[in-house]
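[1] predicted structure and sequence below. I'll ask about it afterward.
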Amino acid sequence: MKKIGVLNFLRKAFKKEDLELKVFYKDRGEPTLEMVDAAQKMCKKFGADTVIGIGGGSVIDLAKATSGIANKEKSIYEYMYENIPLESEGLPFIAVPTTAGTGAEVTPNAVLISKERKFKKSFRSNFLFAKVVILDPLLTLNLDFKSTLYSVLDGIVQAIESYTSKNASEFTQPLSIESLRLLYKGLKGLLKNLSDVNSRKELLYGSVLGGIALFNARLGAVHGIAHPIGALYNIPHGLICSVLLPYVAEYNLEVCAPLYKKIAKVLGLKKDLKNKEASLWLIRKIKSLLRKFNIPQNLRDLGVNKKDFDFIAKESLTSGSLKANKKPLGYSDVIKILEKAY
């Protein structure tokens, strides 16, 4: 944002309105409790009255969590370690996503990592909803293809998981399917022209719809398993999810086949196949997409170590995403998925 002139533009705009802008630069990687703690202290130091998150899903989550506790005496460590619910409204929060796929701009939770306790969990409260969301496809044009891809893949997995979640409804499923359609269409458009504004716009809309769907329906086993992997390894979240997706789909096949058939049609299935055959086509399609984008086909190639499977499985069992999976999972089920994905 600094490099492309957005921060300079904002400073001038704020100054014109006699407002002061203070910038908190987030470190690379996913948001940590340490980052939120530092941002909260900065807000208190300068007497902030509004928090604006401009960036990808990690930046949005960091700003969102900061806005919730910026006017509180408690620290983020107390809220997360002691599972204390947010007791009241925080500072107004404005979300300006510069990537498309996470849906973080319209959800009331921030996914945070504790380096000390090695967990990746959601800080969740209805007090964390953004007051304003600004979608500007021009802000996404400078994002390289790999970063764009990982974010969109996260959105595609979220659309599929929210569509097949046991909490999905007649309200959420149309949002999930439309999110999937827009994200897939936008991604294909960017393959032809990375600077295509219309494709970038479709991705942003798809992300918003997916965020609304997942907030209401929750997700599934992919995200439940991906979070503890993300807490242990410095691997992009969308990359982990895309690698896990076909293996979780295989596990869910017997209960999700009719839904997978509808998803397959969105991704290009033309034949009138039976539910199981359509589901198998979908799994092959997902794997072929990963190959097309030179994405690893397994966890081993991502650098995940089998010695961590026990920790990953135990941590995933506490996840709300795992509990929302259409087909129930226990410890041994998660281990089997990890072993197949390895």
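    Looks like it arrived, so ask away. Worth saying up front: this structure is predicted, and the values here are computed from it rather than measured. Numbers count the residues shown, from 1 in each chain.

[2] residues contacting the closest residue to residue 240 other than its chain neighbours?
    Spatially, and ignoring its direct neighbours in sequence, residue 240 is nearest to residue 226 (4.5 Å; C-beta to C-beta, 6 or more residues apart in numbering). Quick note: C-beta positions are derived from backbone N, CA and C, even for glycine. By C-beta atoms under 8 Å, 6 or more residues apart in numbering, the contact set of residue 226 is 237, 240, 241, 244.

[3] off-centre distance for the one helix or strand residue 226 maps to?
    Following DSSP states H and E, one finds residue 226 within helix 221-232. Distance, stretch centre to chain centre, for helix 221-232: 11 Å (C-alpha atoms, centre = their mean, to the nearest Å).

[4] give the partner strands of the worst-scoring helix or strand of the chain on mean pLDDT in its sheet and their orientations.
    For the chain, counting by mean pLDDT, DSSP states H and E, strand 119-124 ranks last in confidence among helices and strands (a mean of 85). Strand pairing for strand 119-124, determined by DSSP bridges: strand 109-114 (antiparallel).

[5] now find how far off-centre the partner strand is within its chain.
    Using C-alpha atoms, centre = their mean, the offset of strand 109-114 from its chain centre is 11 Å.

[6] could you give the angle of it to helix 221-232?
    Between strand 109-114 and helix 221-232, the angle comes out at 40 degrees (axes from the mean of the first three to the mean of the last three C-alpha atoms, to 10 degrees).

[7] give me the mean pLDDT for the helix or strand following the helix holding residue 226.
    Next in sequence after helix 221-232, counting helices and strands by DSSP H and E, comes helix 237-266. Across helix 237-266, pLDDT averages out at 94.

[8] what's the angle from helix 237-266 to helix 221-232?
    Using the same axes, to 10 degrees: helix 237-266 against helix 221-232 is 170 degrees.

[9] can you give me the buried ones in helix 237-266?
    237-249, 251-253, 256-257, 259-266 (16 or more other C-beta atoms under 10 Å).

[10] tell me who's in contact with residue 267.
    180, 184, 282, 285.

[11] much appreciated, bye for now.
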